[in-house]
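Peer 1: Below is the structure, and that's it, no one-letter string:
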């Protein structure tokens, strides 16, 4: 059974915690490793997790994004557990170009069910691979930023970094 690796990378908005399986990113977020482990699939939760000082290939990609290469995350392989609608929502989020936002209603439609606005919000909230799967690019229909699992200030910073807001 393959090992999982956990490491963290300093970013302008705090430590980004990451869990990988060789070349696939399984979890990322600004909370802590324990919170990320809770979001892993049942099978991945059973795997041995080792700590690394730095995951060189992925740390470089993260640093590239924060240094201004807003498309750095595009080629990353990701995997997370979730129902069919959530999987479609996460795929739709990855298609939103840096510098653009869509509403929760638009995300629902792009995910295959225009009426599933709440489910779109739930998919954002359950996203285990932020900011790589860019749930921060989803806003309310009235133009307000809406929620973000790591706080609205981080969402605002990311959108400012991507040129959405000044």
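Peer 2: Everything's here; your move. The structure presented is a predicted model; accordingly, all values stated were derived computationally and were not measured.

Peer 1: Now do the helices in this protein.
Peer 2: Using DSSP state H, the helices of the chain run over 33-38, 42-45, 56-66, 84-94, 104-110, 117-126, 152-161.

Peer 1: Mind listing what's buried along the second one?
Peer 2: Of the residues in helix 42-45, residue 44 count as buried by neighbour count, 16 or more other Cβ atoms under 10 Å. C-betas here are computed from N, CA, C, even on glycine.

Peer 1: so how far is it off the chain centroid?
Peer 2: Its chain's C-alpha centre and that of helix 42-45 lie 19 Å apart, by Cα atoms, centre = their mean, to the nearest Å.

Peer 1: Can you spell out which helices and strands pack onto it?
Peer 2: Of the remaining helices and strands, none touches helix 42-45 by 3 or more Cβ pairs under 8 Å, 6 or more residues apart in numbering; DSSP states H and E.

Peer 1: which residues are contacting that helix?
Peer 2: 4, 21, 26, 37, 81 (Cβ atoms under 8 Å, 6 or more residues apart in numbering).

Peer 1: again, 7 Å this time
Peer 2: 4, 26, 37 (Cβ atoms under 7 Å, 6 or more residues apart in numbering).

Peer 1: quick one: the first one and residue 24 touch, right?
Peer 2: Right, residue 4. No - counting by Cβ atoms under 7 Å, residue 4 stays clear of residue 24, with 9.9 Å between them.
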